[in-house]
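S.K.: This is the structure alone, sequence omitted:
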């Protein structure tokens with residue numbers, strides 16, 4: 001089984017809607033989305049998604065210029081409802097930072113307190129969405145064994 005797969009245009013539609021609504025500073029950023037087909041854990045928890053700056057090799061292998069690569073657990077995406085898909089992408093984009101005056105304007109950052117409170121407000125109707133999705137995703141992987 002291949003570990004990574006390209007996402008369809010449907011996923012990019014959601015990405016662009018999230019970017020347009022909450023992250024207009026990323027309008028010029030090229031974001032490559034990839035499904036991860038294998039379970040990944042960090043600190044004992046399943047990783048539903050992650051975003052990174054591409055290495056020079058990854059940039060070389062991409063057919064188009066890319067500023068960020070977003071990896072999404074394919075099982076999590078399949079199990080997520082439309083609102084959780086938005087939450088997942090929005091959460092990952094919170095790790096981006098833009099310094100328009102820098103030679104390389106697109107950067108990454110950790111969580112900030114401001115982002116933490118903003119996400120709490122945005123997820124008030126389903127505050128434990130990531131825990132729930134993580135449990136469902138973990139259960140799906142257990143079924144596959």
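M.R.: Nice, I can see it. It should be emphasised that the depicted structure is a prediction, and the values quoted were computed from it without experimental measurement. Numbers count the residues shown, from 1 in each chain.

S.K.: Of all the residues in the helix ranked longest in the chain, which ones are buried?
M.R.: Ranked by number of residues, the top helix in the chain under DSSP state H is helix 129-144. Neighbour counts over helix 129-144 (16 or more other CB atoms under 10 Å) mark 129, 130, 133, 134, 136, 137, 138, 140 as buried. (Glycine included, C-beta is placed from N, CA and C.)

S.K.: now the end-to-end length of stretch 32-41.
M.R.: In terms of CA to CA, to the nearest Å, the two terminal residues of stretch 32-41 are separated by 21 Å.

S.K.: helices or strands up against the helix or strand bottoming out on mean pLDDT in the chain?
M.R.: When the helices and strands of the chain are compared on mean pLDDT, DSSP states H and E, helix 113-122 comes out lowest with a mean of 81. Judged by 3 or more CB pairs under 8 Å, 6 or more residues apart in numbering; DSSP states H and E, the packing partners of helix 113-122 are helix 82-93.

S.K.: For the helix it packs on, give me every contacting residue.
M.R.: The contact list for helix 82-93, computed with CB atoms under 8 Å, 6 or more residues apart in numbering, reads 14-15, 17-19, 22-23, 26, 48-51, 70, 72, 76-77, 80, 119, 122-123, 126, 129-130, 133.
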